[in-house]
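Enquirer: Sequence plus predicted model, see below.
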Amino acid sequence: MKNQLRQLLALSVLAGTAFAAPLSFDFKDPKGVNNVQFKLDAPLESITGTGTGISGQVSFDPAKPGATTGRIELAAKSLTVGNPMMGEHLQGGQWLDTAKHPVIAFELVSLANVRTQGGVTTADATGKLSLKGVTKEIKVPVSFTHLPDKLGARVNDPKVKGDLLVIRANFEVNRSDYGINAGKNTDKVAENIQLSLSIAGSAPKA
Amino acid sequence: MLRRVSPHLLLRSLAAALAIGGVGVWLATGAHRGWTRTSEVEMRRDEITGIDYPVRRDKFTAGIEFPFAALGGAALLAIGAAMLRPRERSSGPAGTP
């Protein structure tokens, strides 16, 4: 009888793992930790800035990371630089035109070259980047770090149960591809925008 | 009674003050060779996720345009002072009354 119970328990755990639904991670971050950093080379000094207005949902299954789907958004007005005049130009019509295009979004289409070691999955993500009203498909090397049962520690409340998913990506886009002051001021500001994304999402458990 | 300061002396003094002030502020805020900043970013690490995140705080750092603008302004004031400088009376040719 005891053995039968054990077998039943093992079977139910196995079945649970095999048919576990993907976890839905919410990337709205009340702690203000999620961020994207950007850098453009320029003659006097590189133009660097940060954006923290990140939101979005990612569906991630630790058993099938290759099936990950999701969409991450950045509020364009949250992008800031150290120089206020430069910041006004950045938000203005010639550059990002944030009044007309308030959201920068990345929609994940597929993952390739998926490798998982420990809790870290690396892959080449193909997705649609929408920036200043232009949507283009790009390929981005990305890493997913699954942190099971770490939500409570993050919100300093052990009663809160849930997982965390950390996504990191470093990639470049060409500003001309997105109509950002296309072909202009190339002697003053580089064409390439280097982007570095570090975000964490949470999936609470009932 | 206050002595009336001549305009050219006043402009020369202003030029000197602007040049010294502009260069002084630039040196005092770290002699930054890039553009002026009104905030700076300090990176911190979130212990749970390991994410490095920026914390922006207000801090004025004068950029390279600061001393250049001050020296340019001072040069203009100095030119104005030179133009307002009273000409020395020249004595007439010998023999004239």
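Expert: Yep, it's here. Note that the structure is a prediction, hence the values are computed from the model and not measured.
Enquirer: what sits against the closest residue to A:Ser24 other than its chain neighbours?
Expert: Nearest non-adjacent residue to A:Ser24, counting by Cβ to Cβ, 6 or more residues apart in numbering or on different chains: A:Ser59, 5.4 Å away. C-beta here means a position set from N, CA and C on the backbone, and glycine is covered the same way. Counting by Cβ atoms under 8 Å, 6 or more residues apart in numbering or on different chains, A:Ser59 touches A:Pro22, A:Leu23, A:Ser24, A:Phe25, A:Thr68, A:Thr69, A:Gly70.
Enquirer: Filter those residues down to just the buried residues.
Expert: Buried members of those, counted by 16 or more other Cβ atoms under 10 Å in any protein chain shown: A:Pro22, A:Leu23, A:Phe25, A:Thr68, A:Thr69, A:Gly70.
Enquirer: Next up, the contacts around the spatially closest residue to B:Glu40 that is not a sequence neighbour.
Expert: If the residues on either side of it in the chain are set aside, B:Glu40 comes closest to B:Lys59, at 4.7 Å by Cβ to Cβ, 6+ apart. Contact analysis of B:Lys59 by Cβ under 8 Å, 6+ apart lists B:Arg37, B:Thr38, B:Ser39, B:Glu40.
Enquirer: Please repeat the previous calculation with a cut-off of 10 Å.
Expert: Neighbour list for B:Lys59: A:Gly82, B:Thr29, B:Gly30, B:Arg37, B:Thr38, B:Ser39, B:Glu40, B:Val41, B:Glu42 [criterion: Cβ atoms under 10 Å, 6 or more residues apart in numbering or on different chains].
Enquirer: if I've got this straight, the third one is in a strand?
Expert: No: counting by DSSP: H, G, I helix; E, B strand; the rest coil, B:Gly30 is not found in a strand; it is coil.
Enquirer: shaky segments in the chain?
Expert: No chain in the question, so chain A it is. Residue ranges of chain A with pLDDT under 70: A:1-20.
Enquirer: my bad, the chain I had in mind was chain B
Expert: Using pLDDT under 70, chain B drops low at B:1-2, B:88-97.
Enquirer: Kindly report the residues of it close to chain A.
Expert: Within chain B, the positions near chain A by Cβ under 10 Å from any Cβ of the partner chain are B:32-41, B:43-56, B:59, B:61, B:63-65.
Enquirer: so of those residues, which ones are in helices?
Expert: B:Glu65 (DSSP state H).
Enquirer: quick revisit: for the contacts of B:Lys59, which PyMOL command selects only the ones that are buried?
Expert: Listed next is the PyMOL selection for buried residues among those, using 16+ other Cβ under 10 Å:
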select buried, (chain A and resi 82) or (chain B and resi 29+37+39+41)
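Enquirer: Now distance to B:Ser6 too, for the contacts of B:Lys59, in CSV please.
Expert: Compiled in CSV, the contacts of B:Lys59 are given as follows (distance: Cβ to Cβ, whole Å):
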residue, distance to B:Ser6
A:Gly82, 43
B:Thr29, 35
B:Gly30, 38
B:Arg37, 40
B:Thr38, 39
B:Ser39, 44
B:Glu40, 45
B:Val41, 49
B:Glu42, 51
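Enquirer: now, among the contacts of B:Lys59, which is nearest to B:Ala78?
Expert: Nearest to B:Ala78 among those: B:Thr29, at 25.0 Å, using Cβ to Cβ.
Enquirer: List the contacts of that closest one.
Expert: B:Thr36, B:Arg37, B:Lys59, B:Phe60, B:Thr61, B:Ala62, B:Gly63, B:Phe66.
Enquirer: Which residue is the nearest non-sequential neighbour of the second one?
Expert: Nearest-residue entry for B:Arg37: A:Gly82, 3.6 Å, with adjacent residues in sequence omitted and distances by Cβ to Cβ, 6+ apart.
Enquirer: Please apply the same query to the first one.
Expert: Computed as Cβ to Cβ, 6+ apart, the closest residue to B:Thr36 that is not its neighbour in sequence is B:Gly63, at 3.6 Å.
Enquirer: What is the burial count for the one you found?
Expert: Residues near B:Gly63, counting by other Cβ atoms under 10 Å in any protein chain shown, number 20.
Enquirer: Alright, I will stop here.
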